[in-house]
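# can you look at this prediction? I've put the sequence above it.
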Amino acid sequence: MPDSAFAYQNPTLPVEARVADLLSRMTRQEKIAQCAQLFVILSNRPQIEALIRKQGLGSRILASTHLAGSVREIATEVEDINALQRVAVEETRLGIPLIHGRDVIHGHRTVFPIPLAMAAAWEPGLVEQAYTIAAREAASAGVNWAFAPMLDIARDPRWGRIIEGFGEDPYLASRNTVAAVKGFQGEDLSSPDRILACAKHYIGYGSAEGGRDYNTGEISDHTLRNIYLPPFKAAVEAGLGSVMSAFLDFNGEPASGSHYLLTELLKGELGFSGFIVSDWDSVVELINHRVAEDERAAAQIAFNAGVDMEMVSDSYLQHLDQLLENGEVSEERLEDAVRRILTAKFRLGLFERPYTDPALGEKVQFTPEHQALARRIAGMGMVLLQNKNSLLPLSRDLKHIAVIGPLARQRSALLGAWVLDGLISETQTLLEAIQQACPQAEVPEISDAMNDEMLMAVADSDVVILAVGESNARSGEYNCVASLDLPAGQEALIEAVANLGKPLVLVVLAGRPVNLTRAVRLADAILYAWHPGSLGAKAIADILFGAVYPSGKLPVTFPRGEGQIPLYYNHKSTGRPHMNRTLDLPVEPLYPFGFGLSYTTFSYRDIKVDRSSIKLAESVTVSALVTNTGRHAGEEVVQCYLQDCVASLTRPVRELKGFARVALQPGKSQRVSFTLGPAELSFYDRSGKLVVEPGKFKVWIGGDSQATLEGQFSVTP
Ligand code: BGC
């Protein structure tokens, strides 16, 4: 039991003073232990308790397998968390609490849509609320630290982890990242319903070759800085508390062993003051990358590179002492790592409030308020891709509705991957939600298989709702695909149903863009619902029957097939832009980034640029008139794209630089403005400096990345 007279126990002192006092009392062994994170299960618990009593422990990961997001994870028990915490706080010399970390990727017990779907809502304010709720629920379960948000830009939908991030665009990802960090951490990290955020996976993880998880990434420094870095930079500027280093070998160095990436770029240039945790075993995996001979060398490389805490493997615990003894790791580096970790613990208020009330969870989890937000954001993120003859919204007076397909009665496919604490039993199926939305209609219960019963139901129906797509097990970590086609048999099923000639609505559940080239020809309407979370089925019904009008927009380009990959809207100009083709497919995507229909239509006109010329540090305001030209009310995500026409380095053909949601009644117009200043006009030049270069800029405002309403202005020195 620590002496309560120690200065670091005094909550009225500033955090820096408390950290300095505590550090001055710690032995080397105690410091090293703070740099370790272990997982604790029944069988290793006695050893871990002994370790804590002897030298303490930095952190416990609340996961029991290295594929926590892809296999069913064990639930956390507050009593169990408190019991281990008691050993750290009450049975050690200094009483330093553990920090408990868990994957809280898209909600805790209330499961929100997958992050890619939240990005499709283009509404960072709601994303912040979703992460606020995730923090509140996770904190009530004893979690102090979430391994999220995941900020990896993904340009390859074969990669299963595209589901976890905010899509292909650095600007959209940055806006959502800031929202997620604020949602988790709030204004005051020490408040009991806030938890520490962890931006991951630093960096370039989404560039894995072939979209195969853990694979090598090789991109230029230019692309690293201009495409992959911005969300991390935004997170750091938002006060992010921790970063996770990535698994991959990136530009010739494993990211978890790169002094350049971790210490020079992140801690140095970006000024990141939080701590860096490795990914699961990524320190000792330096041996597999063949930059370290053994665990001792791995510990030395990773620690010196800047990884402050090692996740799961214990090479720091085993070897740091010897490495320090031999001068291969410096005492200053150890002090720096421990200072960063302890700062997070003090900021979180763990010294004052190390335990969680076991009764809290039931009071704050899955409340009606949380469910309402989950339903709202799920609906906002769904993207209407097609609506021939305005089939949708459906009338609630329909007499016979066939709700069929392999995912019509699936619960886990609604939740998606990376669900550790959401309950399947609290998730309604699509069939149930539609029965509830249309109680007077006949909606027969039929099996999921493609069988005569299903075709008979189709023949007897006024409309068919066919739920296809991916199960939760087809994306997430380690779940990559070589083909973007719908899983086996689904296209044949769509065709068989379409042959019966009934109005056909496809509802697609998926964690990535799947190839819909054939489906587009067969279906009348297509609603891309992603993996929409606990309230996802209700949100789908809301849209199908018009209680909510669709307004989501794609956060990622939809290719016509994997042969087109990589395909992203913010590509460069070639020397022969007029000679851009493939012989077997159009080069255009099936659906461009930013695309999404509504039940009404919008037109754009009268673009205005308030100043035709500005100086380097100044801003320009660009606006356009948006009109609801259809017969329904609707919401439109108005998007603003920019091109730096001539620059010292090649720049993308266009880049998203602003967006705004507007709600318009039929016939009504609104002028929507965007301010473009140094933050939007700058890019990283050859020397790695953020610069605005004088010259001409083009700007477009419209409803997707192919917007044609164009304005221009110039920047002068
Ligand atoms: C994943 C991380 C995750 C960690 C802990 C790793 O396999 O890459 O994203 O946070 O496991 O579950």
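In hand now; what should we look at? Numbering: from 1, shown residues only.

# low-confidence ranges in the stretch 551-700 of the chain?
Along the stretch 551-700 of the chain, no part satisfies pLDDT under 70.

# relative to the ligand, how far out is the most centrally placed residue in the chain?
Nearest to the geometric centre of the chain sits G165, at 2.9 Å (C-alpha atoms, centre = their mean). Distance of G165 to the ligand, computed by C-beta to the nearest ligand atom, to the nearest Å: 11 Å. Quick note: C-beta positions are derived from backbone N, CA and C, even for glycine.

# check P694 too.
42 Å.

# ok, T92 next?
Computed as C-beta to the nearest ligand atom, the T92 to the ligand distance reads 26 Å.

# got the domain ranges for the chain?
Domain ranges of the chain: 366-577, 602-716, per automatic domain parsing.

# reformat those as JSON lines; add mean neighbour count.
Below are the domains of the chain laid out as JSON lines (neighbours: other C-beta atoms under 10 Å):
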{"stretch": "domain 366-577", "mean neighbour count": "21"}
{"stretch": "domain 602-716", "mean neighbour count": "17"}
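
# show the average pLDDT along stretch 505-520.
Taken as a whole, stretch 505-520 has a mean pLDDT of 98.

# how distant is that stretch from the center of its chain?
21 Å (C-alpha atoms, centre = their mean, to the nearest Å).

# start and end of it, how far apart?
11 Å (C-alpha to C-alpha, to the nearest Å).

# looks like H201 contacts F247 (just checking).
Yes - assessed by C-beta atoms under 8 Å, H201 is found in contact with F247 at 6.8 Å.

# which neighbouring elements make contact with the helix or strand of the chain with the lowest mean pLDDT?
Using mean pLDDT, DSSP states H and E, helix 452-459 stands out as the lowest-scoring helix or strand of the chain, at a mean of 90. Applying 3 or more C-beta pairs under 8 Å, 6 or more residues apart in numbering; DSSP states H and E, one finds that helix 452-459 contacts strand 401-404, helix 490-498.

# for it, which outside residues touch it?
The contact list for helix 452-459, computed with C-beta atoms under 8 Å, 6 or more residues apart in numbering, reads 402, 404, 444, 446-447, 464, 496-497, 500, 502.

# just these now: which is nearest A413?
Comparing those against A413 with C-beta to C-beta places I404 closest, at 14.5 Å.

# for that closest one, which non-adjacent residue is spatially closest?
M454 (5.0 Å; C-beta to C-beta, 6 or more residues apart in numbering).

# now do the contacts for the closest residue to the ligand within the stretch 401-550 of the chain.
Proximity of the stretch 401-550 of the chain to the ligand (C-beta to the nearest ligand atom) peaks at E477, 5.6 Å away. Contact analysis of E477 by C-beta under 8 Å, 6+ apart lists 67, 69-70, 160-161, 213, 417-418.

# again with G257
So G257 contacts 286, 289, 291-292, 298, 301-302, 305, 307 (C-beta under 8 Å, 6+ apart).

# in TSV: the residues you listed, plus neighbour count and secondary structure.
Listed next are the contacts of G257 as TSV, based on neighbours: other C-beta atoms under 10 Å; DSSP: H, G, I helix; E, B strand; the rest coil:
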residue	neighbour count	secondary structure
L286	29	helix
H289	19	coil
V291	16	coil
A292	22	coil
A298	29	helix
I301	21	helix
A302	30	helix
A305	24	helix
V307	31	coil
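
# show me which of these is closest to the ligand.
V307 (14.1 Å).

# so how far is S573 from the closest residue to the closest one other than its chain neighbours?
The shortest distance from V307 to any non-neighbouring residue, by C-beta to C-beta, 6+ apart, is to S278 (4.8 Å). To S573, S278 is 39 Å away according to C-beta to C-beta, to the nearest Å.

# residues contacting P97?
So P97 contacts 85, 88-89, 345, 350-351, 354 (C-beta under 8 Å, 6+ apart).

# so it lies in a helix, does it not?
No - assessed by DSSP: H, G, I helix; E, B strand; the rest coil, P97 does not belong to a helix; its assignment is coil.

# so what pLDDT did it get?
98.
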